[in-house]
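Undergrad: following is a predicted model, sequence given first.
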Amino acid sequence: MPGRHVTDHQMRLFMTHRKNAPIPVAAARAGFSTATGYRISHDPRAPSEKHVPRERRRPDPLAAVFDTEVVPMLEVCPGLRPVAVFEELMRRHPGLGTGVRRTLERRIRQWRALHGPEREVIFRQTHEPGRMGLSDFTDMAGSGVMVAGEMLSHRLYHFRLAFSGFEHAHVVLGGESFVALAAGLQDALWTLGGAPREHRSDSLSAAFRNLAPEVEEDWTARYHALCGHYGMAASRNNRGVAHENGTIEVAHNHLKRVVEDALLLRGSRDFDTIAEYRRFVDELIGRRNARNRKRIDAERAVLRLLPPRRAEDGEETMVTVTSSGGFMLRRVFYTVPSRLIGHRLRVRLHDDRLEVFLGGTPLMTLPRGRGYGDRRRAHVVDYRHVIHALRAKPMALPGLVYRDQLFPRDAYRRLYDAAMEALPERAACKLVVGALAIAHERGCEADLAALIDASLDAGDLPALATIQARFQPDPEALPQVTVTMAPLSVYDALTDATPVEGAAI
């Protein structure tokens, strides 16, 4: 056919039919014209044998420099980028012109294929059911998730079974740490209902960074102890070799896209609480696992049985409550009731909370704070712990180091700013401290905050007397209790009772 080249297959077909048929018939059966058949009959060579290799149409612009300058650079620096070689050649030989860049890149690629160093080979693995579970952390800084109007800096702990693809994700508020790994891994195993024979994580370089060698060894021992508690062999991939953890690394990208799509469909990236955002992530993971239910059920049948209880996933430390009404832990100051001043407390540190004990007695659970930077400190303050002392010393409020963290709601912060502008300092402090005391004593923190916001929005500064009158107990609402006193003579009946015969006295 016009415009189409004759192939070797057509040539062989033509020659086969030519033995028993005339040239026009053989040509038609081979799929080309009669004229082509006559031409081939005079020259029976295959088309591939007639092909003449294409020769260079213009002089090689790199002939004088490639072997003498480019090759030595590639041999000394195997990782050198072609663009760097091109820029160096332009500096040495400006007359070459920028048009040789693509030619240089193709020539370097060909040279490396023939003479370059050996490259790393990735060996694809066959996964057995119940054998391998993998853990890793992925940064969610680009997700734009907000909680209560503030950007949430967080990561996701991600667990996955290599065979069935079972997944578990846990929102981590801090960085990569053993505490976050232990909590997320155990949540995944107890959700799954079994444990694989081997657990692999990355090198946890972010968790071990800047740690003393003895601390790193302790964390490594704790990691092996955690895996041993569930009968799993502990392993890690080599540092900086992410593809060794490829089964979980690839799943990170899929999970992030799923979260992004769900956020777009939701129409908002703002959540009221961190618990609501965690439920959002759990629902996404649940739907992904539901699609893989058959494979997960098949793998669940060969998993190891779980131990009777979870391993401890927190770090324990001892702290002393100072005269400031709190304690320092990891560059964060936490307030506690002042009656604990001078006591040694046992604190169990988790990723998102602190469990506080006095001896073996649990006292309270505090939200975990985080200090960032070398000198930056954070404060986790509950105004209920210090309001009684602050009420006796209201002038301590302006210079209080954790004043901004003392206010439970933004309305009280607005009240402080407005009072400091409109009133003398002493009167302003008494007003703000008095409002906090009423919020605590009357249990009306939210209602009082609404009243303060309404007053400030109207341009008025609420008076302490008005607040007290608004939230003091209503005498008419109190129940009237009438107590009738029994006469003492009724007790004489107890002493006049006649003993029953045979009864013990």
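TA: Everything's here; your move. Residues are numbered from 1 along each chain as shown.
Undergrad: from here on, contacts and neighbour counts on C-alpha atoms
TA: Fine.
Undergrad: residues contacting residue 418?
TA: By CA atoms under 8 Å, 6 or more residues apart in numbering, the residues touching residue 418 are residue 461.
Undergrad: how close does it get to residue 387?
TA: 20 Å (CA to CA, to the nearest Å).
Undergrad: try residue 175
TA: Counting by CA to CA, the gap from residue 175 to residue 387 is 33 Å.
Undergrad: more neighbours: which of the two?
TA: residue 387 (20 against 17; other CA atoms under 10 Å).
Undergrad: so the more buried one sits in a helix?
TA: Yes. Per DSSP: H, G, I helix; E, B strand; the rest coil, residue 387 lies within a helix segment.
Undergrad: contacts for stretch 58-69?
TA: Against stretch 58-69 from outside (CA under 8 Å, 6+ apart): 96, 100, 104.
Undergrad: got the buried residues for that stretch?
TA: residue 66 (16 or more other CA atoms under 10 Å).
Undergrad: show the average pLDDT along it.
TA: Average pLDDT, stretch 58-69: 88.
Undergrad: and if you look at stretch 160-171?
TA: 90.
Undergrad: likewise for stretch 356-371?
TA: Per-residue scores along stretch 356-371 average to 87.
Undergrad: and if you look at stretch 143-150?
TA: 86.
Undergrad: and the host helix or strand of residue 280, what does it pack onto?
TA: For residue 280, the host element (DSSP states H and E) is helix 274-291. Applying 3 or more CA pairs under 8 Å, 6 or more residues apart in numbering; DSSP states H and E, we find helix 274-291 packed against strand 167-172, helix 246-266.
Undergrad: now do it and strand 167-172, the angle between them.
TA: Relative orientation of helix 274-291 and strand 167-172, computed by axes from the mean of the first three to the mean of the last three CA atoms, to 10 degrees: 170 degrees.
Undergrad: give me the next element, helix or strand, following helix 274-291.
TA: Past helix 274-291, the next helix or strand by DSSP H and E is helix 293-300.
Undergrad: which intervals of the stretch 301-450 of the chain have sub-threshold pLDDT?
TA: By pLDDT under 70, the low-scoring segments of the stretch 301-450 of the chain are 371-376.
Undergrad: what are the ranges of the strands in it?
TA: 315-320, 326-329, 332-335, 344-349, 353-358, 361-367, 378-380 (DSSP state E, counting those that start in this stretch).
Undergrad: dump those to TSV, plus mean neighbour count and distance to residue 25.
TA: Converted to TSV, these look like this (neighbours: other CA atoms under 10 Å; distance: least, CA to CA, whole Å):
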stretch	mean neighbour count	distance to residue 25
strand 315-320	14	89
strand 326-329	19	95
strand 332-335	20	94
strand 344-349	19	90
strand 353-358	18	89
strand 361-367	13	91
strand 378-380	20	93
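Undergrad: distance to residue 449 added to the ones you listed, as JSON lines?
TA: Formatted as JSON lines, the strands of the stretch 301-450 of the chain follow (distance: least, CA to CA, whole Å):
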{"stretch": "strand 315-320", "distance to residue 449": "34"}
{"stretch": "strand 326-329", "distance to residue 449": "26"}
{"stretch": "strand 332-335", "distance to residue 449": "22"}
{"stretch": "strand 344-349", "distance to residue 449": "32"}
{"stretch": "strand 353-358", "distance to residue 449": "26"}
{"stretch": "strand 361-367", "distance to residue 449": "22"}
{"stretch": "strand 378-380", "distance to residue 449": "20"}
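Undergrad: residue boundaries of the helices in the stretch 301-450 of the chain?
TA: 383-392, 403-406, 410-422, 425-442, 445-457 (DSSP state H, counting those that start in this stretch).
Undergrad: deepest of the ones you listed, which one?
TA: helix 425-442 (a mean of 20; mean count of other CA atoms under 10 Å).
Undergrad: mind giving me the packing neighbours of it?
TA: helix 383-392, helix 410-422, helix 445-457, helix 464-471.
Undergrad: which stretch among these comes nearest residue 332?
TA: helix 383-392 (16.2 Å; CA to CA).
Undergrad: which of the contacts of stretch 58-69 count as buried?
TA: residue 104.
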